[in-house]
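Visitor: Build me a structure from this.
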Amino acid sequence: MARKPVRRCGTCSARLPRDAGPNRRYCNSACRSKHWRRVQRRDSIIERAVDRSLDLMRGGGELYALGLCPVCGWSVSIRKRTDAVYCSKQCRTRAWRMRGQLAEQGRDASERPSR
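Guide: Predicted coordinates for the structure are as follows:
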């Protein structure tokens with residue numbers, strides 16, 4: 001007879017109780033709440049990044065002038081080129097995708113900030 005695999009909590013990796021239902025993912029309400037807060041924080045960060053990037057694309061060059069990445073707000077490193085706008089490839093790609101989404105929505109995504 002094959003043994004059932006041990007199910008683990010999605011947050012702390014503790015074993016789930018044997019009588020846990022098939023849909024249960026967390027060992028207790030504290031772990032469930034911790035996961036919820038993490039997801040909400042991530043969604044909030046992404047929302048702020050989109051707002052910042054859209055602001056920059058609309059001509060708001062304040063972040064660029066401060067040396068901050070328009071997507072995530074992180075400092076653009078001094079190890080980057082002097083004309084670097086984004087802090088990483090991931091942010092550059094995210095901004096490119098957002099511009100594409102704007103173009104699909106019928107907005108003019110070709111607006112670039114004045115430098």
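Visitor: distance of the residue sitting nearest the centre point of the chain from Pro17?
Guide: Residue closest to the average C-alpha location in the chain (C-alpha atoms, centre = their mean): Ile46, at 4.1 Å. Counting by C-beta to C-beta, to the nearest Å, the gap from Ile46 to Pro17 is 34 Å. For every residue, glycine as well, the C-beta is placed using N, CA and C.
Visitor: pLDDT score for the residue nearest to the centre of the chain?
Guide: Predicted confidence (pLDDT) for Ile46: 74.
Visitor: Run through the neighbouring helices and strands of whichever strand or helix holds Ala95.
Guide: Using DSSP states H and E, Ala95 falls within helix 89-104. With contacts defined as 3 or more C-beta pairs under 8 Å, 6 or more residues apart in numbering; DSSP states H and E, helix 89-104 has these neighbours: helix 29-57.
Visitor: could you say what helices and strands the helix it packs on packs with?
Guide: The contact analysis (3+ C-beta pairs under 8 Å, 6+ apart) places helix 29-57 against helix 62-66, helix 89-104.
Visitor: How far off centre is that helix?
Guide: Helix 29-57 has its C-alpha centroid displaced from the chain centroid by 7 Å (C-alpha atoms, centre = their mean, to the nearest Å).
Visitor: Stretch 21-37 now?
Guide: The answer for stretch 21-37 is 22 Å, by C-alpha atoms, centre = their mean.
Visitor: Then stretch 6-19?
Guide: That offset, for stretch 6-19, works out to 27 Å (C-alpha atoms, centre = their mean).
Visitor: then it to CSV, C-alphas only?
Guide: This file holds the C-alpha atoms of stretch 6-19, laid out as CSV (Å, rounded to 0.1, in the frame of the first residue of the first chain):
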residue,chain,number,x,y,z
VAL,A,6,3.1,14.6,3.4
ARG,A,7,1.4,17.8,2.7
ARG,A,8,3.1,21.0,3.9
CYS,A,9,2.1,24.5,4.7
GLY,A,10,2.6,27.0,1.8
THR,A,11,4.1,29.6,4.1
CYS,A,12,6.2,27.9,6.8
SER,A,13,6.5,24.3,5.3
ALA,A,14,5.2,22.7,8.5
ARG,A,15,3.2,19.5,8.1
LEU,A,16,-0.5,20.0,7.7
PRO,A,17,-2.7,18.0,10.0
ARG,A,18,-3.8,14.6,8.8
ASP,A,19,-7.5,15.5,9.0
